[in-house]
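Student: my questions are about this predicted structure, shown below with the sequence.
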Amino acid sequence: MSEVMKDFDKPDFSVDKYTKQLVKECVGGADLQQRKKEIQVYSDQTSATLKKSVYANYMQFIETAKEISHLESEMYQLSHILIEQRNILASLTDEKSPGNAQNNEEGEEQPTQEDVENSHATRAVKEMVQGFNGNLEGKTFLNEGALIELDTNDYRPIQRVFFFLFNDVLIVCKVKHDKRLEFLSEYDPKKIAVINIKDLDGVRNAINIITPDGSKIFQSVTAAGKTEWIEKLEVAFRFDQQKKTNKKGPAPQPPKAKQTSQQQKDSTNDAKSLVSDLSPTDSHAGKTVENYGPDWIHTASEEIQTLVAQRYFEDAQALIKRTQDYIAKDSSFVNAKHITEKVKALETQLTDVLLQELSNCHCRNLQVTLRASRRSLKILVDIGRARQACGTLLKVATMALRTAQREARRNNTEISELFFCDLTQVACEFLTAFETQPACVGALVVWCNAELQYFASQLIKHYLTKGTHLDAVAKCIEGIRKPCAKLTEIGLDLSYHLEGLLRSTLESLIEESRVRLLETVGRSEDTWQPYNLQTKSNLKRLLLELDALGIDMRTHTTGDTWINLTQSTVLFTRHYLQLTAQCAHLAKSEVLWPSLELLLRDMMMAQQAVKPVTGLSVDPNFVLKNKLYLLEELLPIAMANFRSISGSERKCEMLLDLQRHLRKQLAPVPKQRSVYQTDVF
Amino acid sequence: MSKKPTVGPALHKVIMVGSGGVGKSALTLQFMYDEFVEDYEPTKADSYRKKVVLDGEEVQIDILDTAGQEDYAAIRDNYFRSGEGFLCVFSITDDESFQATQEFREQILRVKNDESIPFLLVGNKCDLSDKRKVPLNECQTRAQQWQVPYVETSAKTRENVDKVFFDLMREIRSRKTEDSKATSGRAKDRCKKRRLKCTLL
Ligand SMILES: Nc1nc2c(ncn2[C@@H]2O[C@H](COP(=O)(O)OP(=O)(O)OP(=O)(O)O)[C@@H](O)[C@H]2O)c(=O)[nH]1
Ligand SMILES: [Mg+2]
């Protein structure tokens, strides 16, 4: 067939020609019909393939989009680090300039760079924005970017806009179809209020800006973009305040680094004066050859300090170690004691900075958090501060973990897998960092248990609420146990603890279900007649369904559409086997076994107790047949299913008891004895 | 704003005000998502929206959670303007936050220019009664003086959380129906009339 169909792919394919050819070739209407059919089949196939590839592309698209958003959040983190670093450097130069008058040039270098940025942005506005005549001289450029303006009523996009933000003006332009910008309006950042829209009918990444001419909603393409706008608009809002404080002293950004470097400076001066004070007296007194130690050791503390401020933490640590090693060998040189103390203080300071770094790592994404934490962790472990580092890391992880869960819950995504996956990530990261620290591993275990407890409490609160049906409960618990068990692969066994945390909730849910389900047994009135399914296909479908549940009912069929049991018995069979499966899933935890078996036993008992309504004429043999079927066919299969699904070796004592008891009850009819099967259990 | 409102559930705009750390965000999140957030992260300005059923009628509530921190005081006017009702929150464990409610009240009245704007005085963190710093009768006295209801809440135990939001929405709703009747008359006189009434009482 495909040979023929190849014609379609030819570039010179002409419908007219093809049809004429076809008509010529075909003999009679039937042949033509046949060809038409073939073409139809081909057409269907093609459209199916098309659908498939569109779908495949779509999946790929989604994957890519996910990856992009991942990268984006990392970029964001990166830019954050860069800004921080710039601030630290700025504060460093700020401190240098008062001490060193000649260094003024250096201080001016920074604004020059800023000026370049400013003039660049100013030129961009002038060249690109039609209809804007304002003066931008001397303004500081803060941010620019495209946003979408949304209707405040129905949140539909109205237009694409472009913002230019300077310290004292926000310029809003419309993006026209030819990509040119048209000036719309300008606002004083001090007169507008910015609201972060956290929850608005699923509108993502939106902010609300209240301007003197009304409230407007703008949407950013990315979450990071939104955050940046909120931050930058705030910077503009506080610009004057900040300028003032900036002039007063060094930038307020990194308080730790700044403070310590100041102290450092002071104490270095002290050190120098000490040296000059001491040496003359010493030389006068003993006339011995003075041991000054190597030159580098005297500048070491200052050096370390600079390295820390520039965030060369590894180098700082190496130098600390070198100094300490030297002093350990020879501490007789001048000023050794002072330097020892100083380096010790610096080590503490480095620890503080790193711990601070570490606790700043928390952000929207756990992976990013963990990756960002690696560097600080490694150094902290190296300088013997593993305990502190591990405490801080776990705190940060807790935050990231809980935020992720909260978010997932709000977006209705699967939280169990996420939780255990996150837990695994933390554990792996942790074990790599603290492999050699048994105390830390202990802390991890404690932490995991605490997080598990929190997770369980959330689960109980949001997913295992009163009235939750057994199938939902079973699904939920399956969804938790699997990933939880996987944790044993990395040596964490939390299953026992987890079961313990959920036990009482599950038990009461099971009990509640038991009561609820028992009420439904025997509700509908039965005529105690064989069950007629009306059509062959109905019967077939039901048989298949029951077969899937593990019971073969073919022996009970008669005629084309009948089952030789009552409708109530058949429907109960299906329900009972479904219940058995749900219970068995839950019974994977042995502690729940008794309550689950009780539920199954009581259900069977209740169904057995269903009697024909008085006054209804029924065939007692048929009634008995139903009861014996329940006892000798359904019950054994249910027991077998229960054990095989739950994977337990345990016997269903309660159900076996029930079986013995019912057999005695139903025994007096001798004829049926031959039907009894031997008990496999 | 000038556009015709789309037909849909009524929208009631609520603003959370009060000093930093008193639990405005905690109350908001408890109401929105049934959860208590233990960690304190100062707010700038966040907005939330939710569909709820108010006395059998489906309505939307828009919650603007504002910053309690002093350094945002300058732009509060801009936020307050859009509010139709206010939950003025303080913490019963922090007297300063209680004193600050006076200022918030004044600022709201100045911005809205309306003595009877829907308003609830909310004493939060009532689960911490052993750390109570603001006596109950002082709170009640202030509420009486302002002629507003006083409710104690706990964002932690969820006590009265729904109540404050729903009570406020009811006030807003009845204000709106009142106003729509009044617009046929002279709406501008409204404030004056109210003020007169208050002084009479
Ligand atoms: N025990 C208790 N703690 C509360 C309650 N409400 C809030 N908190 C805690 O108080 C702290 C501050 O709560 P937030 O809701 O963030 O305070 P806020 O009023 O939004 O503060 P700003 O955003 O700075 O204005 C958090 O640590 C909360 O967990 C409460 O009802 N009981
Ligand atoms: Mg807040």
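Tutor: Now that the structure is in, tell me what you want to look at. Ligands and ions are numbered 1, 2, ... in the order given.
Student: am I right that A:Ile207 sits in a helix?
Tutor: No - when classified by DSSP: H, G, I helix; E, B strand; the rest coil, A:Ile207 is found to be strand rather than part of a helix.
Student: contacts only, for it.
Tutor: Under the criterion of C-beta atoms under 8 Å, 6 or more residues apart in numbering or on different chains, the contact list for A:Ile207 reads A:Val194, A:Ile195, A:Asn196, A:Ile197, A:Ile217, A:Phe218, A:Gln219, A:Ser220, A:Lys226, A:Trp229, A:Ile230. Where you see a C-beta, it was placed from the backbone N, CA and C, and this is true even at glycine.
Student: state the mean pLDDT of the helix or strand where A:Glu38 lies.
Tutor: Under the assignment given by DSSP states H and E, the secondary-structure element containing A:Glu38 is helix A:28-99. In this model, helix A:28-99 carries a mean pLDDT of 76.
Student: now for that helix, which elements pack on it?
Tutor: Counting by 3 or more C-beta pairs under 8 Å, 6 or more residues apart in numbering or on different chains; DSSP states H and E, the packing neighbours recorded for helix A:28-99 are helix A:2-9, helix A:15-25, helix A:104-128, helix A:223-237, helix A:255-286, helix A:295-309, helix A:366-382.
Student: where among those is average confidence lowest?
Tutor: helix A:255-286 has the lowest average pLDDT among those, namely a mean of 41.
Student: what segments of chain B are helices?
Tutor: Along chain B, counting by DSSP state H, helices occupy B:24-33, B:76-80, B:95-112, B:136-146, B:161-182, B:190-200.
Student: single out the most deeply packed of these.
Tutor: Each of those was assessed for mean neighbour count using mean count of other C-beta atoms under 10 Å in any protein chain shown. The highest is helix B:24-33, with a mean of 23.
Student: where does A:Val618 fall, phi/psi-wise?
Tutor: A:Val618 has phi and psi values of phi -130, psi 160 when expressed as degrees, to the nearest 10.
Student: my guess is it meets A:Pro612, correct?
Tutor: Yes - A:Val618 lies in contact with A:Pro612 (C-beta atoms under 8 Å); the separation is 4.6 Å.
Student: got any residues that touch both of these two?
Tutor: Shared contacts of A:Val618 and A:Pro612, defined by C-beta under 8 Å, 6+ apart, are found at A:Trp528.
Student: and B:Asn137, what's its pLDDT?
Tutor: Checking the pLDDT column for B:Asn137, the value is 95.
Student: circling back to that earlier point, include distance to ligand 1 when you put the helices of chain B into TSV, please.
Tutor: Supplementary listing: the helices of chain B in TSV, determined by distance: least, C-beta to the nearest ligand atom, whole Å:
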stretch	distance to ligand 1
helix B:24-33	3
helix B:76-80	11
helix B:95-112	9
helix B:136-146	15
helix B:161-182	9
helix B:190-200	29
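Student: which one of these lies nearest to ligand 2?
Tutor: With C-beta to the ion, the closest approach to ligand 2 among the helices of chain B belongs to helix B:24-33: 3.1 Å.
Student: give me the angle between the closest one and helix B:161-182.
Tutor: When axes from the mean of the first three to the mean of the last three C-alpha atoms, to 10 degrees is applied, the directions of helix B:24-33 and helix B:161-182 differ by 90 degrees.
Student: out of the contacts of A:Ile207, which end up buried?
Tutor: A residue is treated as buried here by neighbour count (16 or more other C-beta atoms under 10 Å in any protein chain shown); on that basis the buried members of those are A:Val194, A:Ile195, A:Asn196, A:Ile197, A:Ile217, A:Phe218, A:Gln219, A:Ser220, A:Lys226, A:Trp229, A:Ile230.
Student: what strand or helix carries the residue nearest to A:Thr468 when sequence neighbours are not counted?
Tutor: Spatial nearest neighbour of A:Thr468, chain neighbours left out: A:Leu509 (6.1 Å); criterion: C-beta to C-beta, 6 or more residues apart in numbering or on different chains. According to DSSP H and E, A:Leu509 maps onto helix A:495-520.
Student: list the buried ones in that helix?
Tutor: Going by neighbour count (16+ other C-beta under 10 Å), the buried part of helix A:495-520 is A:495, A:498-499, A:501-502, A:505-506, A:509-510, A:512-514, A:517.
Student: stretch A:139-152 now?
Tutor: A:Lys139, A:Thr140, A:Phe141, A:Leu142, A:Asn143, A:Leu147, A:Ile148, A:Glu149, A:Leu150.
Student: is it anywhere near chain B?
Tutor: Yes - using C-beta under 8 Å from any C-beta of the partner chain, we find that stretch A:139-152 touches chain B at A:Asp151, A:Thr152.
Student: ok now that stretch, how far from the chain's centre?
Tutor: For stretch A:139-152, the separation from the chain centroid amounts to 30 Å (computed by C-alpha atoms, centre = their mean, to the nearest Å).
Student: and stretch A:661-668, by the same measure?
Tutor: On C-alpha atoms, centre = their mean, the centre of stretch A:661-668 falls 57 Å from that of its chain.
Student: so which of the buried residues of helix A:495-520 comes closest to A:Gln367?
Tutor: Nearest to A:Gln367, judged by C-beta to C-beta, of the buried residues of helix A:495-520 is A:Leu498 at 24.0 Å.
Student: so the closest one touches A:Ala456, yeah?
Tutor: Yes - with contact defined as C-beta under 8 Å, A:Leu498 and A:Ala456 form a contacting pair (6.7 Å).
Student: is chain B contacted by stretch A:196-206?
Tutor: Yes - between stretch A:196-206 and chain B, judged by C-beta under 8 Å from any C-beta, the touching residues are A:Asn196, A:Ile197, A:Lys198, A:Asp199, A:Leu200, A:Asp201.
Student: the closest residue to the fourth one other than its chain neighbours: neighbour count?
Tutor: I take that to be A:Asp199. Once flanking residues are discounted, A:Asp199 sits nearest to B:Tyr48: 4.4 Å by C-beta to C-beta, 6+ apart. Under the neighbour criterion other C-beta atoms under 10 Å in any protein chain shown, B:Tyr48 is assigned a count of 20.
Student: for A:Val473, give me its contacts.
Tutor: Per C-beta under 8 Å, 6+ apart, neighbours of A:Val473: A:Leu464, A:Leu506, A:Leu509, A:Ile510, A:Ser513, A:Gln582, A:Leu586.
Student: mind giving me JSON lines with those residues and columns for pLDDT and distance to ligand 1?
Tutor: JSON lines is the format used below for these (pLDDT from 0 to 100; distance: C-beta to the nearest ligand atom, whole Å):
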{"residue": "A:Leu464", "pLDDT": "88", "distance to ligand 1": "25"}
{"residue": "A:Leu506", "pLDDT": "93", "distance to ligand 1": "30"}
{"residue": "A:Leu509", "pLDDT": "93", "distance to ligand 1": "29"}
{"residue": "A:Ile510", "pLDDT": "94", "distance to ligand 1": "34"}
{"residue": "A:Ser513", "pLDDT": "93", "distance to ligand 1": "35"}
{"residue": "A:Gln582", "pLDDT": "93", "distance to ligand 1": "39"}
{"residue": "A:Leu586", "pLDDT": "92", "distance to ligand 1": "35"}
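Student: closest to B:Ile61 among those residues?
Tutor: Ranked by distance to B:Ile61 (C-beta to C-beta), these are led by A:Leu464 at 28.3 Å.
Student: list phi and psi for A:Arg311.
Tutor: Backbone dihedrals for A:Arg311, given as degrees, to the nearest 10, come out at phi 70, psi 20.
Student: okay, now it: neighbour count?
Tutor: For A:Arg311, the neighbour count with other C-beta under 10 Å is 18.
Student: before we move on, the earlier item: hang on, the residue nearest to A:Asp199 packs against B:Met32?
Tutor: Yes - shown here, B:Tyr48 and B:Met32 form a contact pair, counting by C-beta under 8 Å, at 5.4 Å.
Student: what is in contact with the two at once?
Tutor: Taking C-beta under 8 Å, 6+ apart as the contact definition, B:Tyr48 and B:Met32 share the neighbouring residues A:Asp199, B:Ile63.
Student: spatially central residue for chain B, please.
Tutor: The residue lying closest to the centre of chain B (C-alpha atoms, centre = their mean) is B:Leu87, at 1.7 Å.
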